[in-house]
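Q: can't give you the sequence, but here's the structure:
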């Protein structure tokens, strides 16, 4: 349920009350909210207002829900997008496609006007400066969202790998394959022989061809990213989804710009050091702004840096309401989706079952049996 949407007529991102003020010239009140003021403009709104993600038209205004007892707002007024047949107008891959009433706010869309943290306050000022300086405007922000959506929509794949693929790939990524040792039954005569360690080393020998693939495609992501990848694979199994690997050159550029700006911009973007953005991720609002500046700079790094220099040296903005715009983090869940895709490739090139612990147990049992038979033939 988008709380804001893009008005082609007014060339900006607006919530229901803001749209009501511009269309009617009347300020909403507690007794007559923006949704009620807009009730006579339904046809114009359907033709003018676009989804903030997929750009589809067909917007309807959903009135706020209020408590009968206290009159407190239980649900904010928002936009619902309906096709001519009364169905969901969103693109099937749109993050707002589905049940808008129960869908939470999307992490991929972020409020550039937020003042919740030092980081978001800093980004809000830069966005306001950028609009006042003519570096970008709300129309260009909308253009960027559409460009990314079209890029991802054009490249897709179906999640069909075994559901164990994520845990299997994670186990391979963590397996100490650099510790190599060839087993011989005589070694088990040692009084404190470690059968589990021997099984792991034998696992390395049997799967050594896999580790170059794992090393190349699976960075040492944090546990939270692996969990997210597993949730995405489970939730979308059998469904067609975006192929986020197509975003790689743009992600690399955005991360590089984030690192440069954080190191040289003189602004505190949080506790995380810029040197580890590539491995731990950049602050979301900074990543979104860097993607926007690169987009309006035609993805030329030096042009984008020049624009950031203008932003940082510009005077304080005269109007902070310019920051009331929904930006896009085009790389939302990017790392998790990379793991899903890489895990599918690993699973496709694996032989046998994809249960790491079970394989280790099977190998250990085989080594013990090998030792037993060897010992039977010893004098």
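A: Here it is on my side, so go on. Since we're looking at a predicted model, the values are computed, not measured. Numbers count the residues shown, from 1 in each chain.

Q: Residue ranges of each domain in this structure, please.
A: As given by automatic domain parsing, the domain ranges for the chain are 4-105, 119-157+242-335, 161-237+349-376.

Q: most packed of those?
A: Mean neighbour count (mean count of other Cβ atoms under 10 Å) peaks for domain 119-157+242-335 among the domains of the chain, with a mean of 18. Any C-beta I mention is one placed from the backbone N, CA and C, and that applies to glycine too.

Q: residue nearest the centroid of this protein?
A: Centroid-nearest residue in the chain: residue 332, 1.5 Å away (criterion: Cα atoms, centre = their mean).

Q: just checking, it is part of a helix?
A: No - counting by DSSP: H, G, I helix; E, B strand; the rest coil, residue 332 falls outside a helix, being coil.

Q: For residue 53, see how far away it is.
A: Going from residue 332 to residue 53 by Cβ to Cβ, to the nearest Å gives 11 Å.

Q: Likewise for residue 265?
A: Distance, residue 265 to residue 53, by Cβ to Cβ: 29 Å.

Q: Could you identify which of the domains of the chain has the lowest mean pLDDT?
A: Ranked by mean pLDDT, the domains of the chain end with domain 4-105 at the bottom, a mean of 79.

Q: before we move on, which element is the residue lying closest to residue 202 once chain neighbours are set aside in?
A: Excluding the flanking residues, the one nearest residue 202 by Cβ to Cβ, 6 or more residues apart in numbering is residue 363, at 5.1 Å. Residue 363 is part of helix 356-376, with elements assigned from DSSP states H and E.

Q: Do a quick rundown of the helices in the stretch 1-150 of the chain.
A: 16-24, 34-37, 42-48, 118-132, 138-153 (DSSP state H, counting those that start in this stretch).

Q: how far off helix 118-132 does the last one point, in degrees?
A: For helix 138-153 against helix 118-132, the angle by axes from the mean of the first three to the mean of the last three Cα atoms, to 10 degrees is 110 degrees.

Q: Can you tell me the closest non-neighbouring residue to residue 3?
A: Closest to residue 3 by Cβ to Cβ, 6+ apart is residue 78, at 5.1 Å.

Q: Now do the same contact list for residue 6.
A: By Cβ atoms under 8 Å, 6 or more residues apart in numbering, the contact list for residue 6 reads 12-14, 49-52, 55, 138, 142.

Q: Kindly reformat those as JSON lines containing distance to residue 226.
A: Formatted as JSON lines, these follow (distance: Cβ to Cβ, whole Å):
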{"residue": "12", "distance to residue 226": "39"}
{"residue": "13", "distance to residue 226": "34"}
{"residue": "14", "distance to residue 226": "39"}
{"residue": "49", "distance to residue 226": "39"}
{"residue": "50", "distance to residue 226": "36"}
{"residue": "51", "distance to residue 226": "32"}
{"residue": "52", "distance to residue 226": "30"}
{"residue": "55", "distance to residue 226": "33"}
{"residue": "138", "distance to residue 226": "37"}
{"residue": "142", "distance to residue 226": "34"}
